[in-house]
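Peer 1: Got a predicted model here, sequence first, then my questions.
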Protein chains: 2
Amino acid sequence: MAEPMYQRIADDLRGQIESGALKRGSQLPTELELREKYEASRNTVRDAIRRLINLGLVETRPGQGTFVYSKIDPFVTTLSADRATGLGGGEGATYLSEVDAAHKKAKTSEPRVELQRAAPEIAARLRVPEGTQVISRHQERSIDDTPWSLQTSFYPKDFVKRGADRLLDAEDITEGTVKYLEATLDLKQVGYRDWITARAPDATETDFFKLPPDGRVAVFEIFRTAFDQNGTPMRVTVTVFPIDRNQFIVNVGDVPSPQYETSDGRAAS
Amino acid sequence: MAEPMYQRIADDLRGQIESGALKRGSQLPTELELREKYEASRNTVRDAIRRLINLGLVETRPGQGTFVYSKIDPFVTTLSADRATGLGGGEGATYLSEVDAAHKKAKTSEPRVELQRAAPEIAARLRVPEGTQVISRHQERSIDDTPWSLQTSFYPKDFVKRGADRLLDAEDITEGTVKYLEATLDLKQVGYRDWITARAPDATETDFFKLPPDGRVAVFEIFRTAFDQNGTPMRVTVTVFPIDRNQFIVNVGDVPSPQYETSDGRAAS
DNA sequence: GCAAATTTGTTCGTATGTATT
DNA sequence: CAATACATACGAACAAATTTG
């Protein structure tokens, strides 16, 4: 009895799913049927199913049954710069045009603007002392009414005093903050660094993204530090994306511009 | 009774952890103590703890107890090109020098070389018909004896006939396959595209990375398609990294080269 | 529209096994 | 070896969601 029974049941079902014997979207036997088939108690069968849920292989629907999981059609964000605009992917106008290209409808909430004391990971990236006041601009973004990402940008509070007072307005800066800061403060964004991590969602994120409350779906957290012409950080943007519906592309060097393939290898339409 | 009891217990403990009342590495009350404190059965308490495990907040050790999770010091891979070499991060020599810079010892296994029929997602990226034979070179990589990544590169079988026969040798090509292919086939790698995804690990990955078998730790899967001077894909490299010990950096434009911050915001040593 | 049947979700109790101290 | 703490497994009862008749 090297392997516990619930694990052997899970492995057996897993094999059936990965071999294709159980197809995507199809229903698994009910707990009662599995209990008879494997001669185990209902709780043991449920332990096996829980394992499959954690592996992202199945989902359960109360009153209906257990079904092989069907993957969501992912949204793809390009992190490297657009040659034409020099803007990074996933921000402002670039975000909207990428979405449009995929025939989807994006919606961005009005920004929630706050003055905050910089948390350690923000302070270090902006190179200001921990606890310094910073401007925080937070937006929720959805595509086709599916919540897609949460984004918060941090700017030195200083920028307002120096003339960029629209940073404190709780409305979209349609031409983009990059252009706005160049026009008002003569700060050119000459580059940025993206720091890509993944972690479990917190309570707010679970709620906004409508993720299962058990935390089995992690989130990407991308820290973008933008630098001005003096090599000084002028902005830190933190964006959170659920990993079950998001993928990212980075282009380096000369790369053919059209994307000839989709994420799962099928030819693009 | 809107919320089930196990969830209220989990939320209460979660609050204590996130507020700092329970510090990293410290021990939670035992199941028996929690059972008395919350006046619930042991199974209900265990359901609450399972929730915390899935959220990556605690870990249990049989015979010892339940402990607040201490994060692993992550390894950081730069995906954008090194200015000097033009090589991408995470490959060949670049991988070793990055590791060295962090005062760690890397170990790469001898490649396992196979001729395979291209799976759909590989075929589409290499732009060859599905099922075409391709050369597969697979390596396991560890840092300080911790398994860090699994990497498989795919090349058109064609390359061997045209003279790059060392692609079939099961030994490291120390100068790197990029240089080797340029020398033998006059194929210059002028750029690449990285496609970043995350998913649950399969059985092989769970085993190699020594991940918990319940699948709560996902893996990054990065598809790198490298292009030659004609804009034709010359290589597809798939690398898998556990998300609990890996982070990535992408530099775009002019970015100050030293990294002034670490992943969690503390000043670098 | 409603009641019954089906299916998963929550909670309890109990017993035994395994790992660590 | 004994005590402690988590892991596995069984049984039972009721609740909640969904489908069916």
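Peer 2: Yes, it's here. Because the structure is predicted, anything quoted here is derived from the model rather than measured.

Peer 1: who does whichever residue of the stretch 101-250 of chain A sits closest to chain B bridge with?
Peer 2: Proximity of the stretch 101-250 of chain A to chain B (C-beta to the nearest C-beta) peaks at A:G191, 2.8 Å away. For the C-beta atoms, the positions are set from N, CA and C on the backbone; glycine is no exception. When bridges are called by DSSP bridges, A:G191 pairs up with A:F227, B:G253.

Peer 1: Contacts only, for it.
Peer 2: Contact analysis of A:G191 by C-beta atoms under 8 Å, 6 or more residues apart in numbering or on different chains lists A:226-227, B:251-255.

Peer 1: Repeat the analysis, applying 7 Å as the threshold.
Peer 2: A:227, B:252-255 (C-beta atoms under 7 Å, 6 or more residues apart in numbering or on different chains).

Peer 1: Pick out the most distant pair among those residues.
Peer 2: Maximum pairwise distance among the contacts of A:G191 (C-beta to C-beta): 10.1 Å, between A:F227 and B:V252.

Peer 1: Which neighbours do those two have in common?
Peer 2: A:191-192.

Peer 1: that older thread, show the pLDDT at the residue of the stretch 101-250 of chain A closest to chain B.
Peer 2: Looking at A:G191, its pLDDT is 91.

Peer 1: for A:F75, same thing?
Peer 2: Looking at A:F75, its pLDDT is 89.

Peer 1: before we move on, what about the one 4 residues further on?
Peer 2: Among the per-residue scores, A:L79 shows a pLDDT of 90.

Peer 1: since we're on it, how many residues are nearby?
Peer 2: 23 (other C-beta atoms under 10 Å in any protein chain shown).

Peer 1: can you give me the helices in chain A?
Peer 2: A:5-18, A:31-38, A:42-54, A:92-101, A:120-126, A:158-161, A:177-185, A:203-208 (DSSP state H).

Peer 1: Now for A:V76, how many residues are close by?
Peer 2: The local packing of A:V76 (other C-beta under 10 Å) involves 18 other residues.

Peer 1: if I look at it, how far off is DNA strand D?
Peer 2: A:V76 is 31 Å from DNA strand D, where distance means C-beta to the nearest atom of the strand, to the nearest Å.

Peer 1: can I assume that residue is in contact with A:I249?
Peer 2: Yes - judged on C-beta atoms under 7 Å, A:V76 makes contact with A:I249 at a distance of 5.9 Å.

Peer 1: follow-up on the earlier one: report the buried members of the contacts of A:G191.
Peer 2: Buried subset of those (neighbour count, 16 or more other C-beta atoms under 10 Å in any protein chain shown): A:227, B:252-253, B:255.

Peer 1: Pick out whichever of the residues you listed sits closest to A:P129.
Peer 2: The nearest one, if we look at these relative to A:P129 and count by C-beta to C-beta, is A:F227, at 19.0 Å.

Peer 1: In contact with that closest one, which residues?
Peer 2: Neighbour list for A:F227: A:190-192, A:233-234, B:254-256 [criterion: C-beta under 7 Å, 6+ apart].

Peer 1: again, only this time at 10 Å
Peer 2: A:F227 sits next to A:187-193, A:233-235, B:251, B:253-256 when contact means C-beta atoms under 10 Å, 6 or more residues apart in numbering or on different chains.

Peer 1: For the stretch 101-250 of chain A, give me the ranges with low pLDDT.
Peer 2: Residues of the stretch 101-250 of chain A meeting the criterion pLDDT under 70: A:101-103, A:174.

Peer 1: And the strands in it, which stretches?
Peer 2: Secondary structure of the stretch 101-250 of chain A (DSSP state E, counting those that start in this stretch): strands located at A:106-108, A:112-117, A:133-143, A:146-156, A:189-199, A:219-228, A:233-242, A:246-253.

Peer 1: if we can go back for a sec, okay, the buried ones among the contacts of A:G191 in JSON lines with distance to DNA strand D next?
Peer 2: Shown next, in JSON lines, are the buried ones among the contacts of A:G191 (distance: C-beta to the nearest atom of the strand, whole Å):
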{"residue": "A:F227", "distance to DNA strand D": "46"}
{"residue": "B:V252", "distance to DNA strand D": "44"}
{"residue": "B:G253", "distance to DNA strand D": "48"}
{"residue": "B:V255", "distance to DNA strand D": "44"}
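
Peer 1: Those residues also near DNA strand C: which ones?
Peer 2: Taking C-beta under 7 Å from any atom of the strand as the test, DNA strand C is in contact with none of these.

Peer 1: from those, which single one is nearest A:L22?
Peer 2: B:V252 (43.2 Å).

Peer 1: That closest one touches A:D194, doesn't it?
Peer 2: Yes - assessed by C-beta atoms under 10 Å, B:V252 is found in contact with A:D194 at 7.4 Å.

Peer 1: Quickly list what the closest residue to A:Q27 other than its chain neighbours is bridged to.
Peer 2: Excluding its sequence neighbours, the residue lying closest to A:Q27 (C-beta to C-beta, 6 or more residues apart in numbering or on different chains) is A:G65, at 4.9 Å. Beta-bridge pairing of A:G65 under DSSP bridges involves A:R61.

Peer 1: Next one, pLDDT for A:G65 please.
Peer 2: Note on A:G65: pLDDT of 96.

Peer 1: can you tell me how far it sits from DNA strand C?
Peer 2: 4 Å.

Peer 1: and that residue, what does it touch?
Peer 2: A:27-31, A:33, A:58.

Peer 1: Can you name the residues of chain A that neighbour DNA strand D?
Peer 2: Counting by C-beta under 7 Å from any atom of the strand, the residues of chain A near DNA strand D are A:1, A:4-7, A:39-44, A:47, A:61-64.

Peer 1: just the buried members of those residues?
Peer 2: Neighbour counting with 16+ other C-beta under 10 Å marks A:5-7, A:40, A:44, A:47 as buried within the residues of chain A next to DNA strand D.

Peer 1: Show me the beta-bridge partners of the spatially most central residue of chain A.
Peer 2: Chain A has A:F241 as the residue nearest its centroid, 1.1 Å off, counting by C-alpha atoms, centre = their mean. Under DSSP bridges, the beta-bridge partners of A:F241 are A:F220.

Peer 1: can you check A:V113 too?
Peer 2: Beta-bridge partners recorded for A:V113 (DSSP bridges): A:R137.

Peer 1: can you count the residues close to it?
Peer 2: 14.

Peer 1: Same check on A:I49?
Peer 2: Residues lying near A:I49 (other C-beta under 10 Å) number 21.

Peer 1: any idea how far the closest residue to it other than its chain neighbours lies from A:I72?
Peer 2: Leaving aside its sequence neighbours, A:I49 sits nearest to A:T66 (C-beta to C-beta, 6+ apart; 5.9 Å). Between A:T66 and A:I72 the distance is 18 Å, computed by C-beta to C-beta, to the nearest Å.
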